[in-house]
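> sequence isn't available, so here's the structure alone:
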């Protein structure tokens, strides 16, 4: 199954290249919205938003997801668009491995006792909707009240999502094979507003308190919106169904991190080697 960004010309063109390459290798491409089709893998072409949308299909069909970056950061992507022919050849040979990424199961419990469920691969975010006023929130972990905030919102992220919105809000980068939930308040005022990382068995609850000017919104992966009026509780746990991402090589996460964020790592080894050589020379003298 091939999923592409619907408006980007480069993603549309890349999807056609992928389709032709797949058919050349005798691999059938099934329609994106076919619910009864047998699917072995989902190929997503676009930015992280497109890949997050495709993750829902991969999770539904319980198959791996391969992201091809046609956007900017592309942290969820494995390769860029120009590498499609080589990628398809690897897929045809089954020359890849699969990483399992935890998800969040999210329950929204409304003041009238009704509730809905959702899920996220990156994060669930509760956001204020009145830019002039914060939303009042309470944070509860495993039934224990932890803090209250007046804030722009709060992010509940997976390790996969720790490099996305949570990172921009000052949250830590968490290696993706870690099982944890990252809690990152947004521009919060309170006695304790630091980001937190809790274990995989924890239940994290965020309660919308009184005195709100307008009802905040909850977004899962920036794709699905729920209005959360005063008295609503959002409960997040590590999900029962993970998402599996295709990996085409054994590049460690630390290397991906340096590459994606353009971290300033060049040069220090050369300086250290020069210092060591200089110290050795002085010792010999």
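Arrived safely, thanks for sending. Note that this is a predicted model, so its numbers are computed, not measured.
> which residues of the stretch 1-150 of the chain fall in strands?
Along the stretch 1-150 of the chain, counting by DSSP state E, counting those that start in this stretch, strands occupy 2-4, 42-46, 65-69, 79-80, 97-101, 104-109, 115-120, 123-127, 135-141, 144-151.
> which residues are contacting the fifth one?
Outside strand 97-101, the residues within contact range by CB atoms under 8 Å, 6 or more residues apart in numbering are 64, 121, 158-160, 176-177, 242-247, 250. No exception for glycine: its C-beta is placed from N, CA and C like everyone else's.
> out of those residues, which end up buried?
64, 121, 158-160, 176, 242-246 (16 or more other CB atoms under 10 Å).
> now intersect those residues with the strands, please.
Residues from these lying in strands, with DSSP state E as the criterion: 243-246.
> contacting residues around residue 172?
With the criterion set at CB under 8 Å, 6+ apart, residue 172 makes contact with 162, 182, 195, 197.
> most neighbours among those residues, which one?
Highest neighbour count within the contacts of residue 172: residue 162, with 27 neighbours (other CB atoms under 10 Å).
> run a quick neighbour tally on the closest residue to that residue other than its chain neighbours.
Leaving aside its chain neighbours, residue 162 sits nearest to residue 174 (4.2 Å; criterion: CB to CB, 6 or more residues apart in numbering). By other CB under 10 Å, 22 other residues sit near residue 174.
> SS state for residue 174?
Three-state call for residue 174 (DSSP: H, G, I helix; E, B strand; the rest coil): coil.
> from here on, call the first residue 23.
Yep, numbering from 23; the last one is residue 196 now.
> from residue 205, how far out is it?
The gap separating residue 196 from residue 205 is 12 Å, by CB to CB, to the nearest Å.
> anything in contact with each of these two?
Common neighbours of residue 196 and residue 205 are listed as residue 219 (criterion: CB under 8 Å, 6+ apart).
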